[in-house]
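>>> Got a sequence here, can you model it:
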Amino acid sequence: MLFYPENVKINYEQELNQEQLRVVKNGDGPCLVLAGAGSGKTRTLIYRVAYLLEKGVPANRILLVTFTNKAANEMLTRVEKILKYQPTGLWGGTFHSVANRILRLFSKHLDLTPNFNILDQEDSKNLVKNCFKELNLPADKHFPKSDLIHKIISLAANFNQPIEKIIARKFDNLTDRYLPYILQISQEYVEKKKRAHALDFDDLLFYWNKLLEEKPQVREKLAHQFQYILVDEYQDTNHIQGQIVKNLAGAEKNILVVGDDAQSIYSFRGADVNNILKFPEEFPNCQIFKLETNYRSTPEILALANHSIKQNKKQFKKDLKTNKENFVKPMVIGLIDTEAEANFIISEILRLHDEEGLKWQDIAILFRSHFQSLETEMVFNKEGVPYEMRGGLRFFEQAHVKDVLAYLKVIANHKDEIAWQRLLLLQAGIGDVNARKVFIVARELKDLADVLAFDFSLVLPNKVFEAWRGLAHILKALLATDKTLVNELIKIVLHSDYLEYLKANYDNAEERSDDLKELVVFAGKYDSLSDFLADVALSENFKKNKAGENKKEDAVILSTIHQAKGLEWDTVFVLGLVDGQFPHAKIFQNPIEIEEERRLFYVATTRAENRLYLTYSVFNNYGATVNKPSQFIRELPEEVYEKMTENAII
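Predicted structure coming up:
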């Protein structure tokens, strides 16, 4: 039997709480829904869509915009489930997927061919790389690589700012020397896309907004088409997406945006928190709804999160509450150093697992920056506890870490073929063939000193020989250094031009540099290069035989806070809570960023359902420096947490 709208009557009063119900039934006109963490915003959105359909709004006149295809599909499926029929014609999808549909319908208004191709990320990067081959660029080993220039072009689009401004703001080392060439590459990239009748992801948004701003008749048609527009995660929209939403508003302005300014944490990729903060200014008669009932966390966890976020000045005031029963207060624990911090976390996790029956997968360890996970990963590997690194590689799997380790491996064993290959291919001008020539010589000689004394001009072309000489200079410095000073060996690599290499190859060179600085600190506790490399090898091998690699199996989750947004666990540990790490040191140069750092702390704390541990180390660099507990801990009233003193220093 087929079900039709008239066969289904949803009991909204039974399905929704009062806050959600008000949005669903009264969401006409411009509406801002401030949805606190764990407050059921997705449920509210899908019931709003169902309510509109039940009231007779044609499905094809509703537009539901989300940030991922997965979220869009999930919402549409849930709408269908509660209605018990498929609302054919409903417009749902990401900004990019909706833009694609609209641009094909109205391509003639923009001088676009309707059968334009869409370049995915890999296609876009390859096209930028092709620009290098066709332009007369300087032969400079520090010239920014194609992937980095592609990232700069994309950031300029997402921030709606000129490339010059993006470089000055985020890549100031490129400004004077390389800017003219980057602009030349950018222009050639634009021309190549035109000739190929192709658009990249950023173009989809740019042309959709251009269509709305420059073609009034199209704007009016689309505003009429979309009688109701609903936008999820509005705090994560960038400038152009915010403009699109404003330009789509018709006479009735039935624009309902859902988001939480307290969870706006993606400014580094173009998200503009002002889109949500200034929504009432853009739509002066808008209604503001608040979803403040949290279905995730205990009252104690929410009390801490509420107190923290209240320190922000630019925000909509919210006060999360819950109907859950009282549990335990969050714990604040100061340990002697990062090793002790990692040992405390693993011992507490083992206790929760063995004594209280908590599954590994119900526990998460969150951190501000990837390098903060190093000690914890090493302890997990030694204890044999399964873990899964979310949204990224484990510490020793990262390319820049493996690069630096390759230098040390060659010093320890000059016949290590894989280490030689990695090291040689890092050098500008050395390819597979000549790298092989070097290794063939190296493996036949007695030791590294003999390798470095060999006259490679006999087997290498002139340009390649010059690249070899640069590498040999670093290897000689390493060979002359005491092998018991493992951290000094790493410093020599970093003080070569490797950090410049990072700047030329990666848009997140600063974060990678932080990783390597932490590697120096970590290596400081070793007085044997072979012991250090053995521990690293064991850590690398761990991934091949532990359950944590299989996402379907039971494993503790390790994740950056950015990757953890939208997720939840019974128990959460937030580590590394010291000034300079969390909040990050960058805020001292730009204090306005402290509010986003605090929002990041808020996101971290509200991932926890029942238990929350906030940990920090008193000393860093193995006693060399004293840490200051994070500002985010210091500004909390003592009544919202407990100090754990057993085996800890407070």
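
>>> Neighbours of residue 350, how many?
Using other CB atoms under 10 Å, the number of residues around residue 350 comes to 12. Glycine gets a C-beta too; all of them are placed from N, C-alpha and C.

>>> quick one: contacts for it?
By CB atoms under 8 Å, 6 or more residues apart in numbering, residue 350 lies in contact with 383, 385.

>>> What strand or helix carries it?
Secondary structure from DSSP states H and E places residue 350 in helix 338-356.

>>> helix or strand right after that helix?
Assigned by DSSP H and E, the successor of helix 338-356 is strand 363-367.

>>> quick one, that next one and helix 338-356 angle?
With axes from the mean of the first three to the mean of the last three CA atoms, to 10 degrees applied, the angle from strand 363-367 to helix 338-356 works out at 160 degrees.

>>> What average pLDDT does the next helix or strand after strand 363-367 get?
Next helix or strand after strand 363-367 toward the C-terminus (DSSP H and E): helix 374-383. For helix 374-383, mean pLDDT is 89.

>>> What residues of helix 374-383 count as buried?
Buried residues in helix 374-383, defined by neighbour count with 16 or more other CB atoms under 10 Å: 374-381.

>>> which helices and strands does that helix pack with?
Applying 3 or more CB pairs under 8 Å, 6 or more residues apart in numbering; DSSP states H and E, one finds that helix 374-383 contacts helix 338-356, strand 387-390, helix 509-523, helix 529-542, strand 556-560.

>>> Please enumerate residues in contact with the fourth one?
The reference is to helix 529-542. Identification of contacts with helix 529-542 by CB under 8 Å, 6+ apart yields 377-378, 381-382, 394-397, 405, 408-409, 411-412, 483-484, 486, 489, 523, 526.

>>> what helices or strands is the helix or strand containing residue 179 leaning on?
Using DSSP H and E, residue 179 sits within helix 175-195. Helix 175-195 makes packing contacts with helix 121-134, helix 146-159, helix 163-170 when contacts are defined by 3+ CB pairs under 8 Å, 6+ apart.

>>> lowest-pLDDT helix or strand in this structure?
Ranking every helix and strand in the chain by mean pLDDT, DSSP states H and E puts helix 529-542 at the bottom, with a mean of 76.

>>> could you check the angle strand 556-560 makes with the helix holding residue 350?
With the same axes, to 10 degrees as the basis, helix 338-356 and strand 556-560 are set at 140 degrees to each other.

>>> orientation of helix 338-356 relative to helix 509-523 in degrees?
80 degrees.

>>> Buried residues, helix 338-356. List them.
In helix 338-356, counting by 16+ other CB under 10 Å, buried: 338-346, 348-349, 352-353.

>>> Serialize those residues to TSV and add fields for distance to residue 246 and pLDDT.
Output for those, formatted as TSV (distance: CB to CB, whole Å; pLDDT from 0 to 100):
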residue	distance to residue 246	pLDDT
338	47	90
339	52	89
340	52	92
341	47	94
342	48	94
343	53	94
344	50	96
345	46	96
346	50	96
348	49	96
349	48	97
352	48	96
353	50	96
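
>>> give the contact list for the residue nearest the centre of the chain.
Most central in the chain under CA atoms, centre = their mean is residue 562, positioned 5.0 Å from the mean C-alpha point. Taking CB under 8 Å, 6+ apart, we find residue 562 in contact with 265-266, 391, 600.

>>> just residue 81 next, same as before
Going by CB under 8 Å, 6+ apart, residue 81 touches no other residue.

>>> That one belongs to a strand?
No: assigned with DSSP: H, G, I helix; E, B strand; the rest coil, residue 81 falls outside any strand and is helix.

>>> just to revisit the earlier point, what subset of the contacts of helix 529-542 is buried?
Neighbour-count burial (16+ other CB under 10 Å) applied to the contacts of helix 529-542 gives 377-378, 381, 394-396, 405, 408-409, 411-412, 483, 486, 489, 523, 526.

>>> Among those, name the least confidently predicted one.
The minimum pLDDT among the buried ones among the contacts of helix 529-542 falls on residue 394, with 83.

>>> For residue 301, see how far away it is.
Relative to residue 301, residue 394 is positioned 28 Å away (CB to CB, to the nearest Å).

>>> any idea how this structure splits into domains?
The chain resolves into domains spanning 12-106+205-295, 117-196, 321-386+554-645, 397-540 when parsed by the TED database.

>>> Phi, psi for residue 289 please.
In terms of degrees, to the nearest 10, the main-chain angles of residue 289 are phi -110, psi 150.

>>> I'd say it and residue 21 touch.
No: checked against CB atoms under 8 Å, the pair residue 289 and residue 21 is beyond contact range at 10.3 Å.

>>> any residues in contact with both of those two?
Counting by CB under 8 Å, 6+ apart, nothing touches both residue 289 and residue 21.

>>> Can you redo the buried residues of helix 374-383 as JSON lines, where the extra columns are distance to residue 75?
Listed next are those as JSON lines, based on distance: CB to CB, whole Å:
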{"residue": "374", "distance to residue 75": "38"}
{"residue": "375", "distance to residue 75": "40"}
{"residue": "376", "distance to residue 75": "36"}
{"residue": "377", "distance to residue 75": "36"}
{"residue": "378", "distance to residue 75": "41"}
{"residue": "379", "distance to residue 75": "40"}
{"residue": "380", "distance to residue 75": "36"}
{"residue": "381", "distance to residue 75": "40"}
